[in-house]
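Undergrad: for reference, the sequence and a predicted model appear below.
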Amino acid sequence: MGYNGTTTTSPNGEIWTPQQGPNIGSGYISDVIWNGSQFVAIGKKLTCCNYSAIATSPDGETWTQQIPSQAEVILEPLNSIAWNNFNFVAVGDGGTILTSSNGIDWTQRQTRMVWDNYFVSNLNDINWNGSQFVAIGDMGIGILK
């Protein structure tokens, strides 16, 4: 996945087929994850303002754009997504943290990651290690429980 939702799929990692990706307009998809029943892709829309892009797909070929319920306040691009068998957690610029149990309904969470009394400006990656989420940002690593 990439710029303007460019998507390719492969059954074996050797032969790749272009697909119609998420219709996010001008922007890019920064990460995608599979939870056993659907793909969830996240990224950034580029319009008058940069803001979050989220899309879901059952097969990697047909995509549905998802709008977080608080979309009007989620103006930050999303950089990474993780799944722990119960919830998706997406992180992004400005310390943005979103959670969802189904990839469709999203809730913005309070960022508690602080470095020298300043909130971490960007969260760049997140992963699940079996017991906790670990996110890395511009100013360090935080554990999300």
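TA: Great, that's in hand.

Undergrad: ok now do residue 127, which residues does it touch?
TA: With contact taken as C-beta atoms under 8 Å, 6 or more residues apart in numbering, residue 127 is in contact with 82, 133-134. Placement of C-beta: from N, CA and C, glycine included.

Undergrad: could you dump these into a markdown table and include secondary structure and distance to residue 16?
TA: Shown next, in a markdown table, are these (DSSP: H, G, I helix; E, B strand; the rest coil; distance: C-beta to C-beta, whole Å):
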| residue | secondary structure | distance to residue 16 |
| --- | --- | --- |
| 82 | strand | 25 |
| 133 | strand | 31 |
| 134 | strand | 31 |
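
Undergrad: any of those buried? List them.
TA: Those of the contacts of residue 127 that meet the buried threshold are 82, 133, by 16 or more other C-beta atoms under 10 Å.

Undergrad: could you dump the contacts of residue 127 to JSON lines with distance to residue 102 and pLDDT?
TA: Output for the contacts of residue 127, formatted as JSON lines (distance: C-beta to C-beta, whole Å; pLDDT from 0 to 100):
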{"residue": "82", "distance to residue 102": "15", "pLDDT": "97"}
{"residue": "133", "distance to residue 102": "18", "pLDDT": "91"}
{"residue": "134", "distance to residue 102": "23", "pLDDT": "89"}
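
Undergrad: which non-adjacent residue is nearest the residue positioned nearest the centre of the chain?
TA: Centroid-nearest residue in the chain: residue 42, 3.4 Å away (criterion: C-alpha atoms, centre = their mean). The shortest distance from residue 42 to any non-neighbouring residue, by C-beta to C-beta, 6 or more residues apart in numbering, is to residue 78 (4.0 Å).

Undergrad: buried ones in the helix or strand harbouring residue 123?
TA: Assigned by DSSP states H and E, residue 123 belongs to strand 123-128. Within strand 123-128, the residues that count as buried by 16+ other C-beta under 10 Å are 123, 125-126, 128.

Undergrad: quick check: the farthest pair among these?
TA: Based on C-beta to C-beta, the longest span within the buried residues of strand 123-128 runs between 123 and 128 and measures 14.4 Å.

Undergrad: out of the buried residues of strand 123-128, who's nearest residue 66?
TA: residue 126 (18.0 Å).

Undergrad: thanks a lot, see you next time.
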